[in-house]
Structures are given as C-alpha cells and as structure tokens.
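**Student:** Got a predicted structure here, sequence first:
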Amino acid sequence: MTIKMNNDRAWLERLAERESQGVVSAGGWMTRFNGPRPEVMQVPESTPDVEIIDNLTKKVADLEEWLSAERERREAVDDRLRDARDELRRQSAEMADMQKVNGQLRGRIAELEVRLNAHR
Amino acid sequence: MPIDVLIKDKATGGLVLALLVEDVEPSEVAKAEASWRPVREAAVRSLRSQGLTDAQIAGHLQHAHWDWIAKTPLISLLAFKCVGIKYQDEWQGLALLQSGTKFAGLAPDRGKPLIYVDYLESAPWNLAGFVEQPKYGLIGFRLIEYAVRYSQAEGFFGRVGLLALPQAEEFYENGCRMLRVDEAGEHGMAWFEFTREQAVAFLGGGG
C-alpha cells in the first residue's frame, strides 16, 4: 500500500489560514481503555523528570514483555492450526480413497445383479 | 518508508519538510509521550497557579491527561495503525487509526466501514492552549489527510469518522469541514464524518 500526500503549497496555506482562526487538533476518547472521562485531572504538583522517565521506561519494559508473550501465544496458535490443517488434509485423502473403493464395489454389485437377472 | 509532508513553521511563517511515519513503533510512542507530558503538566501547573480549579483546567485543556503509553498494546493489532509526524527528531503529532471497526452514519454509504480516528494529538508545544507561541502548524490537518488517503487505499472511498472532544469540534467541523452526525455521538462527544464526497472535497481543497 503506497500512500501519497499532497504537498501543494497553495492548498496547505489555505488550511493554515483556517488553523490560524483558532482551531485545535486534538480529540477522541476511548472509554473502554481509559475508563470514564475524569472530571478532575490527576496531575501531580511536581514530578521530577527522572521519575517520569523511570516510570515510562518501566511501562515500555512491561509492554515489551507483554508483546513477547503475545508473540509466543500467536506462534503456539499457528502451530496448532498447522497441525489441524495437516490432519484435515490426511483425513480428506483417506475419505477420497474410501469413496473410490465404494464406487468400485457399487459397480461390481450392479454387474452381479445384471448377471443374476440374466440367469433367472 | 516515511513520507515527506510540509508543515507550517509558525516562527517564520514558512512551510518546512517533515516526515510522516506510517507505523510508529511502541518505543517511539513512549518517546513522544515522554517529551509531551512535561509540557502538558507544566501548562496545568501554570493554570493552577493562576487560581483555576482542576475542573476549570479540565475544561480548558481537555486532553491534558492523555497517556499514549497506555495505547501502545493496541498498535500491534491488525485493525490499528499509529501514524506520526516527525520534525527535527521530535514527534510533532500522532494519530491512532482503526480500519473497518466502525461504520458510516451518512448516506450514500451508511453502514459501510470507515477509518476511525481513535486518537489524534498535536504535540502540546504546537497548541495555543499549552504554550504562548505554538511552534508548528498543520499537524492535525496532515494526520487527517493521511486518514482519508488510508481510507481510500483500504477501499473505503475516503470515509473517516471520529468522536471529537468539545475543544476540537471547531477543528473538525470548520477546519476539516467534516459533517456532524447528531445521533451518533457518544460519551458527550460529537461524531464527525467524511463521506466519500466530503473526503474528495477536503483533499481537493474545496472542502
């Protein structure tokens, strides 16, 4: 998928003009992930930068661990799917063989019935 | 491959070349949050020092509590895409998009899938509510433009929808000229939508 963006200056200047009239670009809220929108923000009076960075680093490490576990889980699911697909293929081949034998037997029975009728 | 995009340098008034990254990695999202959060929090403290209550501040800076780190587990999911604009090695804006998980409310494609803009944020130093002199402009427009083009690439004909915080309604309604769908709002937020016609008008400069 290749996406091309428009860098036409006249168009962008027109958009910039609209922006200069006071529009702000930020919006959206996902209740299912963030809970109800808070009435009051919980922003600490003062948080040292080092503490912020430590917290963020820990969150990133947690996420990487989660991603790694998720990747392993997906690989296990892929393995199970592959095994199930192989088993299905094997059973389909067996069924095809049985249908072939079944067809041959039906043909043979029909021949015998014809011959039996002829003798009668 | 990052895509070249022009953004507005508000100090000079000129357009400068930035990079739009189509699949922003979780570690990069964390970097953006690490650089944005102190600016958001400084703005909140400044308003507090001016005597505003937390409820009043929440009304002024409605997304000051956003945490992009909390959104990173979503990025690896098939339906999600995180795009961002980088200039001078700093993230100037991010958008979290969902493909085909929400549906159009407007004719002629009512009920058909669209690109849903889950979150869109310009760096706080680009927003007048957070700083006195915003640095770069057009960030939101470029991210919305990407959402429209992504929608076209996905076969959704440019259909895009989103729920806007009240502070951002002006941007989507009069800036992007998206259509408000009254009955589709949720959680006290209005639903805005690009139909295929509005999307073409927006990209063509008529919208």
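**Tutor:** Everything's here; your move.
**Student:** Output the below-cut-off pLDDT ranges for chain A.
**Tutor:** Applying pLDDT under 70 to chain A flags the ranges A:20-49.
**Student:** where exactly do the strands run in chain A?
**Tutor:** Ranges of strands in chain A, per DSSP state E, are A:26-27.
**Student:** Please compute how far stretch B:189-206 lies from its chain's middle.
**Tutor:** 15 Å (C-alpha atoms, centre = their mean, to the nearest Å).
**Student:** meant to ask about stretch B:183-193, not that
**Tutor:** For stretch B:183-193, the distance to the chain centre is 16 Å (C-alpha atoms, centre = their mean).
**Student:** First-to-last residue distance for it?
**Tutor:** From its first residue to its last, stretch B:183-193 covers 12 Å (C-alpha to C-alpha, to the nearest Å).
**Student:** Same question for it: list its buried residues.
**Tutor:** B:184, B:189-193 (16 or more other C-beta atoms under 10 Å in any protein chain shown). Yep, even glycine has a C-beta here, placed from its N, CA and C like the rest.
**Student:** Stretch A:57-75 now?
**Tutor:** So for stretch A:57-75, counting by 16+ other C-beta under 10 Å, buried means A:59-60, A:63.
**Student:** Burial check on B:Ala32, number of neighbours?
**Tutor:** By other C-beta atoms under 10 Å in any protein chain shown, 22 other residues sit near B:Ala32.
**Student:** which residues of chain B score low on pLDDT?
**Tutor:** Scanning chain B for pLDDT under 70 picks out the ranges B:60, B:205-207.
**Student:** Stretch B:107-123 near chain A at all?
**Tutor:** Yes. Stretch B:107-123 reaches chain A (C-beta under 8 Å from any C-beta of the partner chain) through B:117-122.
**Student:** So what's the residue count around the closest residue to chain A within chain B?
**Tutor:** Going by C-beta to the nearest C-beta, chain A is nearest to B:Gly140 of chain B, at 2.2 Å. Other residues lying near B:Gly140 total 28 when counted by other C-beta under 10 Å.
**Student:** ditto for B:Ala70
**Tutor:** Neighbours of B:Ala70 (other C-beta under 10 Å): 15.
**Student:** B:Lys81 too?
**Tutor:** Count around B:Lys81 with other C-beta under 10 Å applied: 22.
**Student:** In a strand, it, correct?
**Tutor:** Yes. Judged by DSSP: H, G, I helix; E, B strand; the rest coil, B:Lys81 forms part of a strand.
**Student:** need the contact list for it.
**Tutor:** B:22-23, B:75, B:96-99, B:150 (C-beta atoms under 8 Å, 6 or more residues apart in numbering or on different chains).
**Student:** That one pairs with what?
**Tutor:** Per DSSP bridges, residues listed as beta-bridge partners of B:Lys81: B:Leu97.
**Student:** tell me what the biggest helix by length in chain A is packed against?
**Tutor:** As assigned by DSSP state H, the longest helix anywhere in chain A is helix A:49-119. Helices and strands touching helix A:49-119, by 3 or more C-beta pairs under 8 Å, 6 or more residues apart in numbering or on different chains; DSSP states H and E, are helix B:26-49, helix B:72-75.
**Student:** Ok, which of those helices comes nearest A:Met95?
**Tutor:** A:Met95 lies closest to helix B:72-75 among the helices and strands packed on helix A:49-119, at 43.1 Å (C-beta to C-beta).
**Student:** close to chain A, is the closest one?
**Tutor:** Yes. Contact between helix B:72-75 and chain A, assessed by C-beta under 8 Å from any C-beta, occurs at B:72-74.
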